[in-house]
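Engineer: Please find the sequence and the predicted model below.
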Amino acid sequence: MQESTPEERKILYESLERCIARGKFLDRFYELFIESSQEVRDKFKNTDLEKQKHTLKVSFYLLFMAGEGNKEGLAHLDQISKRHSKSQLDIAPHLYWLWRDCLIRAVSECDPGFNANVEQAWLKFANFGIDYLVDRYYASE
Ligand code: HEM
């Protein structure tokens, strides 16, 4: 997959900051994601969603760092790929497309600067994480 350009990384980071600053971004993302399918609801039935929102926020920053080749970020990506794999949480590949749709929708609602370039930057970012996790879905069987 094509790597993000420095300009796309800047656009992404500024959008992420605008979303986080508004406070409702992670709430809206999980609201959309949980509504999106019964399968997703089942996966999160025992999850403390307030904790999970915080975890995902931190994860966004670490994934952003991973996209720049940062060691700590890459180690995080590796750790979550194991956790989401078939032998642990068993997050099947099709669920990631729902995840991505809900993410883009939450950004579009929460970022007042949302436009086609912002959307493109988020799509590349999401695809980078998703490709990594999906590639390793069967890896730890
Ligand atoms: C690139 C996309 C995703 C990222 C960055 C991500 C990130 C994370 C992180 C950081 C954790 C915490 C890991 C830990 O506790 O060690 C987590 C847990 C989890 N994720 Fe994801 N996730 C993604 C996609 C998905 C998808 C598509 C699903 C489908 C339902 C999902 C379901 C879960 C569940 C069920 C947990 C465990 C929650 C708990 O501890 O109860 N994730 N995810």
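Structural biologist: Great, that's in hand.

Engineer: Contacts for the host helix or strand of Gln120 next, please.
Structural biologist: Assigned by DSSP states H and E, Gln120 belongs to helix 116-135. Helix 116-135 has contacts (Cβ atoms under 8 Å, 6 or more residues apart in numbering) with 1-2, 4, 8-9, 11-12, 15, 63-64, 66-67, 77, 80-81, 84, 91, 93, 96, 99-100, 103-104, 107-108, 111. Placement of C-beta: from N, CA and C, glycine included.

Engineer: Quick one: buried ones out of the residues you listed?
Structural biologist: Buried members of the contacts of helix 116-135, counted by 16 or more other Cβ atoms under 10 Å: 4, 8-9, 11-12, 15, 63-64, 66-67, 77, 80-81, 84, 91, 96, 99-100, 103-104, 107, 111.

Engineer: Among these, which lie within helices?
Structural biologist: 8-9, 11-12, 15, 63-64, 66-67, 77, 80-81, 84, 96, 99-100, 103-104, 107 (DSSP state H).

Engineer: Of those, which are in range of the ligand?
Structural biologist: 63, 80, 84, 96, 99 (Cβ under 6 Å from any ligand atom).

Engineer: tell me which parts of this protein are close to the ligand?
Structural biologist: The interface of the chain toward the ligand, taken as Cβ under 6 Å from any ligand atom, is made up of 40, 43-44, 46-47, 52, 55-56, 59, 63, 80, 83-84, 89, 91, 95-96, 99, 129-130, 133.
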